[in-house]
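In: build the 3D model from these lines:
(one chain, ligands or ions: 2)
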Amino acid sequence: MEKAADVLRAGGLVAFPTETVYGLGANAEDPGAVARIYQAKGRPPSHPLIVHIGGAELLRDWVEDVPATVHLLAERFWPGPLTLVLRRGRRVPLEATGGLETVAVRVPDHPVALALLSGFGGGVAAPSANRFGSVSPTTADHVRAELGDAVDFVLDGGPCDVGVESTIVDATGDVPSILRPGGATREDLEAVLGRPLDVPSTSRVRVPGQHPSHYAPRARVVLVEPEVIVDEAERAQEQGHQVGVLLPPSLVDAPVKAHAVVAIPGSTAAYARGLYGFLRELDRRGCDLIVASLPVEEGLGLAIANRLRRAAGPRSSG
Ligand code: AMP
Ligand code: MG
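Out: Ligands and ions are numbered 1, 2, ... in the order given. Just a heads-up that it's a prediction; the model follows:
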């Protein structure tokens with residue numbers, strides 16, 4: 001842990017476990033170190049990072065002002081999978097916010113992440129520890145396999161418990177809104193705020209171009225209704241594809257003709273925890289096409305559906 005904190009102080013990159021996914025961290029106040037994150041990920045510099053801090057009481061060091069609703073949310077959800085977007089404090093360089101006057105902040109709920117933050121003493125800017133656009137890592141092995149020497153130090157805290165990224169809430173205006181669904185559920189947030197929250201488009205209709213590919217495995221992802229998942233897999237397999245199937249719990253006993261089948265766990269929490277590992281496994285087994293369905297968009301199902309939709313989104317050429 002001491003060595004990891006030293007690496008951060010020296011301007012290096014440390015991958016660390018959080019309860020959501022593994023992060024690729026740098027000293028948030030060091031523009032050069034932050035630039036190395038973008039380089040390692042191949043991420044466009046206009047995409048802002050999340051500043052991780054060691055406790056809610058430190059929030060005022062990193063943001064311009066703390067509205068009353070934010071106190072409420074921080075008290076209930078931190079440490080935890082909720083990221084709050086607020087007005088950028090002077091300590092935060094524009095390099096970490098993609099040039100925005102707002103900053104995303106969160107207190108992770110993981111003993112290793114919290115020990116790193118307390119040992120280091122400052123804020124750690126970190127996106128997920130994967131190449132830009134690909135599937136987020138939920139084990140230290142995923143990080144090593146994907147980033148290799150681009151990361152100076154990897155802290156191994158075992159598999160992540162939540163498995164999908166944090167929920168991002170824009171708290172800069174009078175009415176908070178969800179920018180990205182994630183580990184903190186919409187229902188829990190609404191209960192604390194006492195009002196409904198806006199969520200980005202959750203339409204089942206696939207509109208090309210609306211969900212640019214992100215969180216994507218190598219294999220192409222196709223979303224179909226659960227009733228036709230078995231037929232669709234068989235058809236694509238007969239057409240010569242190496243088909244991977246994410247098989248919904250209601251179909252566990254269905255005989256599926258496909259190259260590889262992953263049975264989705266019955267609980268949504270277990271599905272979220274396993275999702276990125278399943279996608280990586282289907283890639284590893286050589287699938288070029290993954291057939292899947294969207295879960296019911298309640299609780300963690302909202303975040304899972306969001307990631308699957310984006311994994312199925314159009315890929316940029318080249
Ligand atoms: P990642 O951890 O890789 O998912 O990346 C961080 C996420 O936080 C991205 O989806 C960013 O768009 C989002 N984010 C970070 N800062 C801001 C901000 N100031 N406003 C809106 N979104 C943000
Ligand atoms: Mg990411």
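
In: contacts and neighbour counts: CA atoms only from here.
Out: Fine.

In: okay, helices next: where are they in the protein?
Out: Taking DSSP state H, the helices of the chain run over residues 2-9, 31-41, 68-77, 111-120, 140-147, 186-193, 229-238, 268-284, 301-311.

In: columns mean neighbour count and mean pLDDT on top of these, output as TSV?
Out: Listed next are the helices of the chain as TSV, based on neighbours: other C-alpha atoms under 10 Å; pLDDT from 0 to 100:
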stretch	mean neighbour count	mean pLDDT
helix 2-9	18	98
helix 31-41	19	98
helix 68-77	15	96
helix 111-120	19	98
helix 140-147	18	97
helix 186-193	15	98
helix 229-238	18	97
helix 268-284	20	98
helix 301-311	24	97
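
In: export the ones you listed to TSV and tack on distance to D161?
Out: Converted to TSV, the helices of the chain look like this (distance: least, C-alpha to C-alpha, whole Å):
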stretch	distance to D161
helix 2-9	22
helix 31-41	23
helix 68-77	16
helix 111-120	12
helix 140-147	13
helix 186-193	18
helix 229-238	28
helix 268-284	6
helix 301-311	14
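
In: nearest to ligand 1, of the ones you listed?
Out: helix 31-41 (9.3 Å; C-alpha to the nearest ligand atom).

In: ok and the residue in the protein nearest ligand 1?
Out: P127 (3.3 Å).

In: residues touching that residue, list them.
Out: If a contact means C-alpha atoms under 8 Å, 6 or more residues apart in numbering, then P127 has 23-25, 49-50 as its contacts.

In: out of the helices of the chain, nearest to L84?
Out: Across those, L84 has its closest neighbour in helix 68-77 (7.9 Å, C-alpha to C-alpha).

In: do you know how far the residue of the chain most remote from its centre is from V224?
Out: Going by C-alpha atoms, centre = their mean, the residue of the chain most distant from its centre is E238, 34.1 Å out. Distance, E238 to V224, using C-alpha to C-alpha, to the nearest Å: 17 Å.

In: now do G121
Out: Taken as C-alpha to C-alpha, the span from G121 to V224 is 47 Å.

In: then V103?
Out: Distance from V103 to V224, by C-alpha to C-alpha: 37 Å.

In: of the two, which one has the most company?
Out: The neighbour count for V103 versus V224, taken as other C-alpha atoms under 10 Å, is higher for V103 (28 against 16).

In: show me the contacts for S128.
Out: 21-24, 136-137.

In: in strands only, show me the residues you listed.
Out: Taking DSSP state E, the ones among the contacts of S128 that sit in strands are 23-24.

In: between the two ends of stretch 43-60, how far is it?
Out: End-to-end distance for stretch 43-60: 28 Å, by C-alpha to C-alpha.

In: whoops, I mixed them up, stretch 25-38
Out: Per C-alpha to C-alpha, the first residue of stretch 25-38 is 11 Å away from its last.

In: can you list the residues of the stretch 101-250 of the chain near ligand 1?
Out: 102-104, 127-128 (C-alpha under 6 Å from any ligand atom).

In: compare the helices of the chain and give me the one nearest R180.
Out: helix 301-311 (7.9 Å).

In: only alpha carbons, please: show that closest one as CSV.
Out: Taking Å, rounded to 0.1, in the frame of the first residue of the first chain, the C-alpha atoms of helix 301-311 are listed here in CSV:
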residue,chain,number,x,y,z
GLY,A,301,-31.3,-4.2,-14.2
LEU,A,302,-31.3,-0.6,-15.4
ALA,A,303,-27.5,-0.4,-15.4
ILE,A,304,-27.1,-3.9,-16.9
ALA,A,305,-29.5,-3.0,-19.8
ASN,A,306,-27.7,0.3,-20.3
ARG,A,307,-24.3,-1.5,-20.6
LEU,A,308,-25.7,-4.2,-22.9
ARG,A,309,-27.3,-1.5,-25.2
ARG,A,310,-24.1,0.3,-25.4
ALA,A,311,-22.1,-2.9,-26.0
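
In: show me what that helix is packed against.
Out: Secondary-structure packing of helix 301-311 (3 or more C-alpha pairs under 8 Å, 6 or more residues apart in numbering; DSSP states H and E): strand 220-223, helix 268-284.

In: try 6 Å this time
Out: For helix 301-311, there is no helix or strand it packs on, judged by 3 or more C-alpha pairs under 6 Å, 6 or more residues apart in numbering; DSSP states H and E.

In: check the contacts of P127 against ligand 1, which are close?
Out: Okay, of these touching ligand 1 (C-alpha under 6 Å from any ligand atom), that's 49-50.

In: which among the contacts of P127 gets closest to R9?
Out: Using C-alpha to C-alpha, G25 comes nearest to R9 of the contacts of P127, at 11.3 Å.
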